[in-house]
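Trainee: turn this into a structure:
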Amino acid sequence: MNPRALLQLTALAAIWGASFLFMRVAAPVIGALPTAFLRVVLAGIGLLALLLLLKVPLNFQGKLRQTMLLGLINSGIPTLMYSFAALVLPAGYSSIFNATTPLMGALIGTLFFAEQMSWAKGLGVFVGLFGVGLLTRTGPFEFTDEILWGALACLAATTCYGFAGYLARRWLDHAGGLDSRLSAFGSMLGASLLLLPLFLWSVSSQPPASWGGWPVWGSLLGLGLLCTAFAYVLYFQLLTDIGPLKSMAVTFLIPPFGVFWGVLLLDEPLSWAYLYGGALIVLALWLVLKPATSRDVASH
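Mentor: Model prediction:
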């Protein structure tokens, strides 16, 4: 990997790691639903501006409906789940739980999409979920029902990501595929439409006591424009430059940045649980993402 690509990969991990910090700042003040809705709306505006600036034709090739539906699964529900988690979980917890996305993808592929489960992937899923349980029970925050529900919300989000990966291939990649920038914008549009009625219900029935100041709105702008719109552009550039396999390395780098930003800017406590819980999840990621060997294939 050349130095430029390595720098881009590190920057992407730092940006996505910061998303958990921004949600932790905004959600407890204005609520989970407003945080989720404003994030996807701002991201959609940013991506639309980018498409217009680059003069990308808004031609969805008849796949707009599929793209928007995918947005419900890949953006709307996960964004809402992480916003709910941010009400109770420190940023470091959420960023580590987010790393279980490939584990959920492997499990969902086996259960719903006829993918083979090698012994390495099966062991990886088990080790990863054990790491999640260990961090939840022994981390720096007392284990409570709220911590448990926050952890389950994060796992619900990564489960959606796992489904979305397979559905994107089935719905969007056929017949020549769809420009990734259009896919991203269509996804934000679908997520915004999903969350709009929930947002309106939330602010009418239980309006926030405060809409916050610059820290909250700066966090929302960071979530929508930096961590979503700009990060998509950076990620797709990496896919082009170094390919999907090497780009997956960002999954390993996000948790350290998520913990770092939480400790540095939110004074979240450090704990050995971050180290051994995170290490188990990293080991699980390696088992799930490593290329299959002939022995793995032969076992099936």
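Trainee: the nearest residue to residue 19 once chain neighbours are set aside: what's it in contact with?
Mentor: The shortest distance from residue 19 to any non-neighbouring residue, by Cβ to Cβ, 6 or more residues apart in numbering, is to residue 227 (3.9 Å). Bear in mind the C-beta positions are built from the backbone N, C-alpha and C, glycine included. Neighbour list for residue 227: 15, 16, 18, 19, 22 [criterion: Cβ atoms under 8 Å, 6 or more residues apart in numbering].
Trainee: wait, doesn't residue 75 sit right on residue 188?
Mentor: Yes: the pair residue 75 / residue 188 is scored as a contact, 6.2 Å apart, by Cβ atoms under 8 Å.
Trainee: shared neighbours of the two, anything?
Mentor: Shared contacts of residue 75 and residue 188, defined by Cβ under 8 Å, 6+ apart, are found at 40, 43.
Trainee: contacts only, for the nearest residue to residue 164 once chain neighbours are set aside.
Mentor: Take residue 164 and drop its neighbours on the chain: the residue closest to it by Cβ to Cβ, 6+ apart is residue 74, 3.6 Å away. With contacts defined as Cβ under 8 Å, 6+ apart, the neighbours of residue 74 are 160, 161, 164, 168, 187, 191.
Trainee: restricted to helices, list these.
Mentor: Among the contacts of residue 74, DSSP state H puts 160, 161, 164, 168, 187, 191 in helices.
Trainee: between those, which is closest to residue 232?
Mentor: Lowest distance from residue 232 to the ones in helices among the contacts of residue 74 (Cβ to Cβ) belongs to residue 187, with 9.3 Å.
Trainee: rewinding a little: adding pLDDT and distance to residue 239, write the contacts of residue 74 out as TSV.
Mentor: Below are these laid out as TSV (pLDDT from 0 to 100; distance: Cβ to Cβ, whole Å):
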residue	pLDDT	distance to residue 239
160	92	21
161	88	16
164	85	16
168	79	13
187	91	16
191	95	21
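Trainee: ok, so of the residues you listed, who is nearest residue 280?
Mentor: Nearest to residue 280 among the contacts of residue 74, with distances taken as Cβ to Cβ, is residue 161, at 19.8 Å.
Trainee: wait, doesn't that closest one sit right on residue 106?
Mentor: No: checked against Cβ under 8 Å, the pair residue 161 and residue 106 is beyond contact range at 12.0 Å.
Trainee: these two: who's more crowded?
Mentor: A side-by-side neighbour count of residue 161 and residue 106, using other Cβ atoms under 10 Å, places residue 106 first with 24 against 20.
Trainee: got a list of what the more buried one touches?
Mentor: By Cβ under 8 Å, 6+ apart, the contact set of residue 106 is 115, 117, 121, 124, 125, 162, 288.
Trainee: so of those, which ones are in helices?
Mentor: Members of those lying in helices (criterion: DSSP H): 121, 124, 125, 162, 288.
Trainee: tell me the two of the residues you listed that are most distant?
Mentor: Greatest spatial distance among the ones in helices among the contacts of residue 106 (Cβ to Cβ): 124 and 162, at 13.3 Å.
Trainee: circling back: neighbour count winner among residue 75 and residue 188?
Mentor: Applying other Cβ under 10 Å to residue 75 and residue 188 shows that residue 188 carries more neighbours, namely 31 against 28.
Trainee: residue 79 is in contact with the more buried one, correct?
Mentor: No: using Cβ under 8 Å, residue 188 is not in contact with residue 79, being 9.7 Å away.
Trainee: so the residue nearest to residue 268 when sequence neighbours are not counted is in which element?
Mentor: Closest residue to residue 268 apart from its sequence neighbours, by Cβ to Cβ, 6+ apart: residue 262 at 3.9 Å. Per DSSP states H and E, residue 262 falls inside helix 250-266.
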